[in-house]
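[1] Show me the folded form of this:
(2 chains)
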Amino acid sequence: MTTATATDALTVRGLCKSFGGRAVLSGFDLDVAPGEVVALLGANGSGKSTALKCTVGLVRPDRGRVGVFGTDLLDGSRTADRARTRVAMVFQQIHLVRRRSALDNVCAGALGRLPLHRSWTPLAFPRELREEAMACLDRVGLADRAHERVAALSGGQQQRVALARALCQRAEVLLADEPVSALDPSAAERVMSVMADLARTESIAVAAVLHQPELARRHADRLVGLRGGRIAFAGAADEVTQEQMSSLYVVNEGVHS
Amino acid sequence: MSEANRGVREAVPPQEAHVSEANLGVPPQAARMSALVDERTPERMPVPRKRRGPRAIGMAAGITAVLVALHVAAWRGAEMDLGMLAEGWHGMVRFVSEAIPPDLTWDPVVKDGLDACLVTLWIGLLGTTLSIPFTIVLCVLGTRATNGNAAVYQVARGIMSFLRAVPDVVFALVFVTAVGLGPFAGVLALICNNTGVMGKLWSEAMEEVDDGPAQALRIAGAGRTQLIAHAVLPACLPQLVGLVLYRLDVNVRSSLVLGLVGAGGIGFLINQSIQEFRFDQMLTYILMVLVLVVIVDLLSSFVRRRLAP
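    Got it, this is the predicted structure:
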């Protein structure tokens, strides 16, 4: 199941990263096919977020390869830069521009493919883009809030705007770093189902770091458990046992020394 | 408790009166009553002694010694002499008594004063707004969040420091030699000084912006200019506008000082009346300045409050 195939949208091989001599990731592998939702589980400090950040280029890994549809993202070439815009990311802290409208924030997802004279201000965005962004907002159920400031929306709505932004980026790989950790259960459920729905209908490969095993089991196709920077288990959502899940969160005081 | 004291207390609501009596070390009725209200004595636990190493104590002593030494040196260097102040106080009294009452003749004193106040306001306004374009350029180049080139960053920072280091009065004198005495020289001087100060304030505001949204857009493939336009600026725009208003406030006041060296406006009239020993006129002008400064301050703080996110 974890063998790389030509159809995989995201392939990560042997990712290693250490901060100040402490290994955070040691040999992390991940494959996500288009339309598949993979949940990364693990205790705090097990390397989940670092794995995503390495993938998207926010953190430079010590070793390992990251590929998107066969293109290496880490070789620093122009092709790598272009391939990187096929990857979008949503964050626990959401990271929208709070003073701008939902629609303007969604439009900003397209900045990578706009020339400067059409993007130096939201007023310069082309009409087609605004209409595309509107459709993206509609996909996440927020078309009626398009002109509202993001700051006026609830946390769950903001996270859905962030998903619409990723959609407007026309991303084929979506990385989510604890997207629902700051949300109440019903908002979390809604965000997760929108995300899983987008994955299936738009064939987006989704890798999401989650802290709620139950949420992961309900919405993800596959679960990957991380422990101490290594993969503890990987398997289909209904194959992973409860024991495997809880083994991730066993307190090990030695780790903190 | 004396009768006079009781009279003062009457305005205080009974509850608070108890508290203040207890605080004064008068524990009788009041303290017992409050004990009745809350009978359950809360559990207590001794606070463990904070361990302060000899290094921390030495450090604190060192810092205190340095601060004291600095102030002693400053006292000597500034030729502070309270005795001289005590002996010469009647000089001040004469000066002030000559100024009172202020000369409120409409023509020429008050009328000229109003005109000059307007000129002062105009100098401050133009000095602020015309410096904005230069500030934007210097600030974008001199902020780490928006400029990655270390050499350009240092040069921009250097220019800002230079503009701040030279007092605006010196700039005014330089420009007077080019364009002659008058408000124009004052405006030019303020533009120079304000570009330096506002550039620093703005770049600090931009450095403080949370870089999360910028990170998200960088992942989406946005370039540096796009990041500034869509992540950095919208996040700190209210602060930037607030700083412009604050600088307007300050610049109106400094255009006063520029008037003293010949840049026109109310400062010029104050200087003139002092030279003619018309201290009553001087007082009139100073009162007008007071009103002007208060009005500008009120306006700018009103707008800044409305802008607050």
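
[2] secondary structure element for the closest residue to chain A within chain B?
    Nearest to chain A, among the residues of chain B, is residue B:221, at 2.1 Å (CB to the nearest CB). C-beta coordinates here come from the backbone N, C-alpha and C atoms, glycine included. Assessed by DSSP states H and E, residue B:221 sits outside every helix and strand.

[3] Dihedrals phi and psi, it?
    phi 100, psi 10 (degrees, to the nearest 10).

[4] could you list every residue that touches residue 74?
    The chain I'm using is chain A. Neighbouring residues of residue A:74 by CB atoms under 8 Å, 6 or more residues apart in numbering or on different chains: A:57, A:60-61, A:64-66, A:80.

[5] same thing but at 7 Å, please
    With CB atoms under 7 Å, 6 or more residues apart in numbering or on different chains as the criterion, the residues that contact residue A:74 are A:65-66, A:80.

[6] pLDDT score for residue B:159?
    The predicted local confidence for residue B:159 comes out at a pLDDT of 92.

[7] Give the buried residues for the helix or strand containing it.
    Applying DSSP H and E as the criterion places residue B:159 in helix B:150-165. By neighbour count on 16 or more other CB atoms under 10 Å in any protein chain shown, the buried set for helix B:150-165 is B:153, B:156-157, B:159-160, B:163-164.

[8] Tell me where the model's unsure across the chain.
    In the absence of a named chain, chain A is used. Counting by pLDDT under 70, chain A has low-confidence residues at A:1-6, A:251-257.

[9] That was the other one, I meant chain B.
    Filtered on pLDDT under 70, chain B yields the residue ranges B:1-38, B:308-309.

[10] Residue numbers of it in contact with chain A?
    Counting by CB under 7 Å from any CB of the partner chain, the residues of chain B close to chain A are B:212-213, B:215-217, B:219-222, B:225-226, B:229-231, B:234-235, B:309.

[11] Keep only those of those that are in helices.
    Helix and strand membership here follows DSSP state H; of these, those in helices are B:212-213, B:215-217, B:219, B:225-226, B:234-235.

[12] same for the lengthiest helix in chain B, what does it pack against?
    Determined from DSSP H, the single longest helix within chain B is helix B:279-307. With contacts defined as 3 or more CB pairs under 7 Å, 6 or more residues apart in numbering or on different chains; DSSP states H and E, helix B:279-307 has these neighbours: helix B:89-99, helix B:111-129, helix B:233-258, helix B:266-275.

[13] what about residue A:78, how many neighbours?
    Burial measure for residue A:78: 7 neighbouring residues, criterion other CB atoms under 10 Å in any protein chain shown.

[14] Residue B:39 now?
    When counting by other CB under 10 Å, one arrives at 6 neighbours for residue B:39.

[15] Double-check that it belongs to a helix.
    No - using DSSP: H, G, I helix; E, B strand; the rest coil, the secondary structure at residue B:39 is coil, not a helix.

[16] rewinding a little: check the offset of the helix holding residue B:159 from the chain's centre.
    Between the mean C-alpha location of helix B:150-165 and the chain-wide mean there is a distance of 23 Å, by CA atoms, centre = their mean, to the nearest Å.

[17] List of residues touching it?
    Under CB under 7 Å, 6+ apart, the answer for helix B:150-165 is B:138, B:141-142, B:144, B:147, B:192-193, B:195-197, B:199-200.

[18] can I get the CA coordinates of it in PDB?
    Written as PDB, here are the backbone C-alpha positions of helix B:150-165 (Å, rounded to 0.1, in the frame of the first residue of the first chain):
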ATOM      1  CA  ALA B 150      21.400  43.000   3.100                       C
ATOM      2  CA  ALA B 151      23.400  45.800   1.400                       C
ATOM      3  CA  VAL B 152      20.400  47.800   0.300                       C
ATOM      4  CA  TYR B 153      18.800  47.200   3.800                       C
ATOM      5  CA  GLN B 154      21.900  48.700   5.500                       C
ATOM      6  CA  VAL B 155      22.000  51.700   3.100                       C
ATOM      7  CA  ALA B 156      18.300  52.500   3.700                       C
ATOM      8  CA  ARG B 157      18.700  52.200   7.400                       C
ATOM      9  CA  GLY B 158      21.800  54.400   7.200                       C
ATOM     10  CA  ILE B 159      19.900  57.100   5.300                       C
ATOM     11  CA  MET B 160      17.100  57.000   7.900                       C
ATOM     12  CA  SER B 161      19.500  57.300  10.800                       C
ATOM     13  CA  PHE B 162      21.200  60.200   9.200                       C
ATOM     14  CA  LEU B 163      17.900  62.100   8.600                       C
ATOM     15  CA  ARG B 164      16.900  61.400  12.200                       C
ATOM     16  CA  ALA B 165      20.300  62.400  13.600                       C
END
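
[19] Flag every residue of chain A that's near chain B.
    Residues of chain A lying near chain B by CB under 7 Å from any CB: A:56, A:58, A:85, A:87-89, A:91, A:93, A:95-97, A:99-100, A:108-109, A:111-112, A:116, A:119-121, A:169.

[20] Point me to the residue of chain A nearest chain B.
    Ranked by CB to the nearest CB, the top residue of chain A for proximity to chain B is residue A:112, at 2.1 Å.

[21] Can you give me every residue that contacts that residue?
    Counted by CB under 7 Å, 6+ apart, residue A:112 has contacts A:85, A:169, B:220-222.

[22] now swap in residue B:65 and tell me
    Applying CB under 7 Å, 6+ apart, we find residue B:65 in contact with no residue.

[23] what kind of secondary structure is it in?
    For residue B:65, the secondary structure call by three-state DSSP comes out as helix.

[24] excluding its backbone neighbours, what's nearest residue B:192?
    Computed as CB to CB, 6 or more residues apart in numbering or on different chains, the closest residue to residue B:192 that is not its neighbour in sequence is residue B:171, at 4.7 Å.

[25] Flag every buried residue along the host helix or strand of that neighbour.
    In the assignment (DSSP H and E), residue B:171 maps to helix B:168-179. By neighbour count, and taking 16+ other CB under 10 Å as the criterion, the buried residues in helix B:168-179 are B:168-169, B:171-173, B:175-176.

[26] can you check stretch B:213-229 too?
    Applying a neighbour-count criterion of 16+ other CB under 10 Å, one finds B:213-223, B:226-229 buried in stretch B:213-229.

[27] of these, closest to residue B:287?
    For residue B:287, the nearest member of those is residue B:228. The distance, counting by CB to CB, is 45.7 Å.

[28] Could you double-check that residue A:80 sits in contact with residue A:73?
    Yes - using CB atoms under 7 Å, residue A:80 and residue A:73 qualify as a contacting pair, with a distance of 5.2 Å.

[29] which of those two has more neighbours?
    Here residue A:80 and residue A:73 are compared on neighbour count by other CB under 10 Å; more neighbours surround residue A:73, at 24 against 17.

[30] isn't there a strand covering residue A:235?
    Yes - the assignment for residue A:235, made by three-state DSSP, places it in a strand.

[31] Okay, it and residue A:229: tell me how far apart.
    Here residue A:235 is placed at a distance of 19 Å from residue A:229 (CB to CB, to the nearest Å).

[32] Also residue A:45?
    Remark: distance between residue A:45 and residue A:229 (CB to CB) = 9 Å.

[33] Neighbour count: the two, which is higher?
    residue A:229 (23 against 15).

[34] mind checking the backbone torsions on the more buried one?
    With angles defined as degrees, to the nearest 10, residue A:229 sits at phi 80, psi 0.

[35] so who does it touch?
    Going by CB under 7 Å, 6+ apart, the list of residues near residue A:229 reads A:23-26, A:46-47.

[36] ok, now how distant is it from residue A:26?
    According to CB to CB, residue A:229 and residue A:26 sit 5 Å apart.

[37] quick revisit: which among the residues of chain A next to chain B count as buried?
    By the neighbour-count criterion of 16+ other CB under 10 Å, these include these buried positions: A:56, A:85, A:87-89, A:91, A:93, A:95-97, A:99-100, A:108-109, A:111-112, A:119, A:169.

[38] What about those, which are in strands?
    A:87-89, A:91 (DSSP state E).

[39] Can you flag the buried ones in the contacts of helix B:150-165?
    Buried members of the contacts of helix B:150-165, scored by 16+ other CB under 10 Å, are B:138, B:141-142, B:147, B:192-193, B:195-197, B:199-200.
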